[in-house]
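Chemist: here's a sequence, model it:
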Amino acid sequence: MTYRVAHDYYRIRSLTVLLSLACLGCRSPATEPVVNVDSVAVDHFTDQGVLWSKQGAPAKEDHAILNHFFQSQPDWSDSTEVEGTPVVYAAGDQRRFYWIRAAQGGAIWTCIHWKKKRFYTSSGSGAVASTTN
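Modeler: The predicted structure is shown next:
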């Protein structure tokens, strides 16, 4: 009798595990929001009468500006808002660095603006053509 009870117990337990695994396999994977960076990071925009032009990959001087920012603002060093390679815009000697991320409602961005040897930060959603503070 004990052998049969133990055998039935393990059969039921095995069946439960198999059914649980099957249910996990049927679940749809969680989908991450996706954003088309090119639709958010336009080639040119005007903000407060200044024409900003999108640059290629960050240049050597851009890296120097960002290194200076992160050294002077260590709280930003570990921020998930500024992970990866930013989209760079230039207007004369000014630079704006935008990190664009996907969100449920579209795109959100964080901007570091370099102007007259000072940094300004801002964040927003949608197209990057927004005024920084």
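Chemist: pLDDT weak spots in the protein?
Modeler: For the chain, applying pLDDT under 70 flags the ranges 1-39, 130-133.
Chemist: try it again at 90.
Modeler: For the chain, applying pLDDT under 90 flags the ranges 1-41, 102-106, 125-133.
Chemist: show me where it has its strands.
Modeler: For the chain, the strands defined by DSSP state E cover 44-47, 50-54, 87-91, 94-103, 106-115, 118-125.
Chemist: who are the packing partners of the second one?
Modeler: So that's strand 50-54. If you count contacts as 3 or more C-beta pairs under 8 Å, 6 or more residues apart in numbering; DSSP states H and E, strand 50-54 packs onto strand 44-47, strand 87-91. C-beta: built from backbone N, CA, C; applies to glycine.
Chemist: what's the closest of those strands to residue 105?
Modeler: Nearest of those to residue 105, taken as C-beta to C-beta: strand 87-91 at 19.6 Å.
Chemist: identify the bridge partners of residue 103.
Modeler: Note on residue 103: beta-bridge partners residue 106, judged by DSSP bridges.
Chemist: so which of the strands of the chain is nearest residue 75?
Modeler: Taking C-beta to C-beta, strand 118-125 is the member of those nearest to residue 75, at 10.8 Å.
Chemist: would you list the strands of the chain in TSV and tack on mean neighbour count and distance to residue 62?
Modeler: Shown next, in TSV, are the strands of the chain (neighbours: other C-beta atoms under 10 Å; distance: least, C-beta to C-beta, whole Å):
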stretch	mean neighbour count	distance to residue 62
strand 44-47	14	18
strand 50-54	14	13
strand 87-91	20	6
strand 94-103	19	6
strand 106-115	20	9
strand 118-125	14	13
